[in-house]
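[1] Have a look; sequence and predicted model below, questions after that.
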Amino acid sequence: MSSSSPVSAVSATAPHVVDDCLGIWKDVVYDATHTLRLRMYRPTDGNTTTANNKLSVLVYFHDGGFCLCSFELPHFHTGALRLAAELSALVLSADYRLAPEHRLPAMHCDAEAVLSWLRA
């Protein structure tokens, strides 16, 4: 995760960068208005990059029917770490606003915001 990335802020609740045995991860804010974060996972294996030193990107939205859970739950975290390691990809696990506090299409707007953040 280079310092030239479009990261606007790092979560105060999580370490800046954590090196697990499968990968390196950190939390970033992608929508400051709604305080929405995503967790970026990168494999630690030195043989994961292509000839251009670029990784594929996988954007992952946790399940929960738009009502439950968070990307921070251990099974989603472990799954994203494994995806990054086994696919040799940068995995972005995004949080989004949940119902019933937020009605549709808030979750879809949050997903669109993640992709716009990534594109920027």
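    Yep, that arrived. Numbering: from 1, shown residues only.
[2] okay, CA-based contacts and neighbour counts for the rest of this
    Noted.
[3] Show me the shaky parts of this protein.
    Regions of the chain meeting the criterion pLDDT under 70 cover residues 1-17, 19-20, 45-52.
[4] Now do the helices in it.
    Using DSSP state H, the helices assigned to the chain run over residues 74-87, 106-119.
[5] right, so those helices: which one is the most enclosed?
    Among the helices of the chain, helix 74-87 has the highest mean neighbour count (mean count of other CA atoms under 10 Å), at a mean of 18.
[6] Need the residues that contact that helix.
    Identification of contacts with helix 74-87 by CA atoms under 8 Å, 6 or more residues apart in numbering yields 22-23, 41-45, 60, 62, 71, 89-91, 93.
[7] how distant is that helix from the center of its chain?
    Put simply, helix 74-87 sits 11 Å off its chain's centre (CA atoms, centre = their mean, to the nearest Å).
[8] For it, list the C-alpha coordinates in PDB.
    What follows is helix 74-87, C-alpha atoms only, in PDB (Å, rounded to 0.1, in the frame of the first residue of the first chain):
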ATOM      1  CA  PRO A  74     -13.500 -12.800  11.900                       C
ATOM      2  CA  HIS A  75     -14.900 -15.100   9.200                       C
ATOM      3  CA  PHE A  76     -15.200 -12.200   6.600                       C
ATOM      4  CA  HIS A  77     -11.700 -11.000   7.600                       C
ATOM      5  CA  THR A  78     -10.200 -14.500   7.300                       C
ATOM      6  CA  GLY A  79     -12.000 -15.100   4.000                       C
ATOM      7  CA  ALA A  80     -10.700 -11.900   2.500                       C
ATOM      8  CA  LEU A  81      -7.100 -12.700   3.700                       C
ATOM      9  CA  ARG A  82      -7.300 -16.100   2.000                       C
ATOM     10  CA  LEU A  83      -8.700 -14.600  -1.200                       C
ATOM     11  CA  ALA A  84      -5.800 -12.200  -1.400                       C
ATOM     12  CA  ALA A  85      -3.300 -14.900  -0.700                       C
ATOM     13  CA  GLU A  86      -4.700 -17.600  -3.000                       C
ATOM     14  CA  LEU A  87      -5.700 -15.300  -5.900                       C
END
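[9] Fine, thanks again, bye for now.
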